[in-house]
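>>> Based on what follows, work out the 3D shape:
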Amino acid sequence: MANALQGYFPQIRTRQEVLEYIFHKRELRRRFQTLTDPQKKEFLDLCTGEKGVNVLSDPIVKEILNPEIHKERLEDFLSAVLERRVTIAQILPNDSVRLTDEVSLIITDIVVCLEDGSLANIEIQKIGYAFPGQRVACYSADLLLRQYKRAKNKRKKERERFTYRDVKKVYTIVLFEKSTREFHQIKDRYLHRSSQKFDTGLKLEMLQENILIALDIFREVTQNKRIETPLEAWLTFLGCYEPERILKLLEYEPEFEELYREVYDLCRNIEGVMKMFFSKELLELDRNTVKYMVEELEEQVEEEKRKQKEGQRKLQAETEKRRKAEQHSAEQAERIAALEKLLQEHGISSQDLP
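As a prediction, the model looks like this:
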C-alpha cells in the first residue's frame, strides 16, 4: 500500500531515509532522542506518510482547512455537512466564552458567517468532553446571542428598526476524533442532527441547529464500504489515515489529491514536524489529553464504585427485609404453637374452633 501511495505522492520518504536525515543533523538528532518510543513512532509515521497520515495532527488540519487561505475547502466541507451549497461571506474571530478545560482538547475552532447571514461554528475535539449535550447547548446559545447582537448592531448602524426577522440561523458543528460513551450507545450511527420542533406540527422558523459527528464511529462503520457521498469523502479525509482508505478516497474524488499533496509536503519538512512536536500548543494538548483521560478514568472508577455501593446497599436491604420476614414468620409459628398448647390444656381441639 505504501508503494501505491508513492505512485500518487513521490515525495513520500521511507523510514530509513528519514532516520538517515535525522542522524546527519545534530540538533534534529538531539531532539529526536529526547522523544519517548511512542512519540518517535508517531514522528516517523508522520514524516514518512507511508502508513498514511492523520490529517487531524496539529497543525496540519489548521493549515489544510485555514479559511483565510483555502476558503473554498471549508465551503465544500460545510456544503457537504449542511446538504446545501454554501458560500462563506466572512471569517469571524472566535470570541466565544469557554471554560479553561473547554479549550484544552480542541484541535481547531472556526466561526464563519455564510452568505445568507447565518453563522456556523466548526469545532474539532481530540477527545469528547463529559456532558456533551449540555456543552453543545451552551455553545449554540452563545453563538445565537452573538448573532442577535450582530443583527441589532447592524440595524443600529444603518439607522433602521431592528426586528427578530433579522436574526439568522446558527449552526454548531462538532467533530470528535474520539467520541464519548453516549455516542457508542447508538450502534452504527456517527452523524447526529438536532433542531427545534413542536410536537403539534406547528411550523415556526427556529434558529438553532446542532450537528455532531463521531469520527471514530465513522471509521468503524465505513471500514469495508464504498464512499458514496461528498460528506463521506470529507469524513474519510479528516478521520481515516490508512493507505487503503486514502486510495479509496482518491478513486472516488481525485480533487483530494491536491490536499494530500500539501499534507505530504508538510510532512516532508522534518524540521517543521519536529518543531510541531515541541510546540507549546501541542505539548499542552498532550498534557491535557493525558490529564483528561486520567480524570475520565477516575470518574469511571468512581461511577463503578458508586454502582457497587448501591448494589451492596440494595442487597443489604433485601437481606434485611428477608431476615425480618423470616423472623416474623418464626414469631407467628411460635404464637400459633403457644395457642395450640393452651387449647390442649383446656381440652379444646383447634378443629372445634369456628
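>>> When you work out contacts or count neighbours from here on, use the C-alpha atoms and nothing else.
Will do.
>>> Check which element follows the helix-or-strand element of the chain with minimal mean pLDDT along the chain.
Least confident helix or strand, the chain: helix 100-103 with a mean of 48, by mean pLDDT, DSSP states H and E. Remark: after helix 100-103, the chain's next helix or strand is strand 106-114, criterion DSSP states H and E.
>>> Please identify the pairing partners of that next one and their relative orientation?
Using DSSP bridges, the strands paired with strand 106-114 are strand 88-92 (antiparallel), strand 119-127 (antiparallel).
>>> most neighbours per residue, which of these?
The highest mean neighbour count among the strands paired with strand 106-114, using mean count of other Cα atoms under 10 Å, belongs to strand 119-127: a mean of 21.
>>> Rounded mean pLDDT for that strand, please.
Regarding strand 119-127, the rounded mean pLDDT is 91.
>>> name the helices or strands packed onto the helix or strand that that strand is followed by?
Next in sequence after strand 119-127, counting helices and strands by DSSP H and E, comes helix 132-157. Under the contact criterion of 3 or more Cα pairs under 8 Å, 6 or more residues apart in numbering; DSSP states H and E, helix 132-157 touches strand 119-127, strand 170-178, strand 208-214.
>>> For these, give me TSV that also has distance to residue 340.
TSV is the format used below for the helices and strands packed on helix 132-157 (distance: least, Cα to Cα, whole Å):
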stretch	distance to residue 340
strand 119-127	74
strand 170-178	73
strand 208-214	74
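>>> Minimum distance to residue 242: which of those has it?
The closest of the helices and strands packed on helix 132-157 to residue 242 is strand 170-178. By Cα to Cα, the value is 15.0 Å.
>>> Packing partners of that closest one?
On a contact count with 3+ Cα pairs under 8 Å, 6+ apart, strand 170-178 meets strand 119-127, helix 132-157, strand 208-214, helix 215-221.
>>> Enumerate the positions of the last one that are buried.
It stands for helix 215-221. Neighbour counts over helix 215-221 (16 or more other Cα atoms under 10 Å) mark 215, 216, 217, 218, 219 as buried.
>>> Name the residues of stretch 76-96 that come out as buried.
Within stretch 76-96, the residues scored as buried using 16+ other Cα under 10 Å are 76, 77, 78, 79, 80, 81, 86, 87, 88, 90, 91.
>>> okay, it in CSV with CA atoms only?
Below are the C-alpha coordinates for stretch 76-96, written out as CSV (Å, rounded to 0.1, in the frame of the first residue of the first chain):
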residue,chain,number,x,y,z
ASP,A,76,-17.1,22.4,0.3
PHE,A,77,-17.0,20.7,3.7
LEU,A,78,-19.8,22.9,5.1
SER,A,79,-21.9,22.2,1.9
ALA,A,80,-21.5,18.5,2.5
VAL,A,81,-22.5,18.8,6.1
LEU,A,82,-25.4,21.1,5.7
GLU,A,83,-26.5,19.4,2.5
ARG,A,84,-26.9,22.6,0.5
ARG,A,85,-24.4,24.8,-1.3
VAL,A,86,-23.0,27.5,0.9
THR,A,87,-20.6,30.4,0.5
ILE,A,88,-18.6,31.9,3.3
ALA,A,89,-19.1,35.7,3.4
GLN,A,90,-16.8,36.4,6.3
ILE,A,91,-14.4,34.7,8.7
LEU,A,92,-15.1,35.8,12.3
PRO,A,93,-12.8,36.0,15.3
ASN,A,94,-13.6,33.3,17.8
ASP,A,95,-14.6,35.3,20.8
SER,A,96,-16.9,32.8,22.4
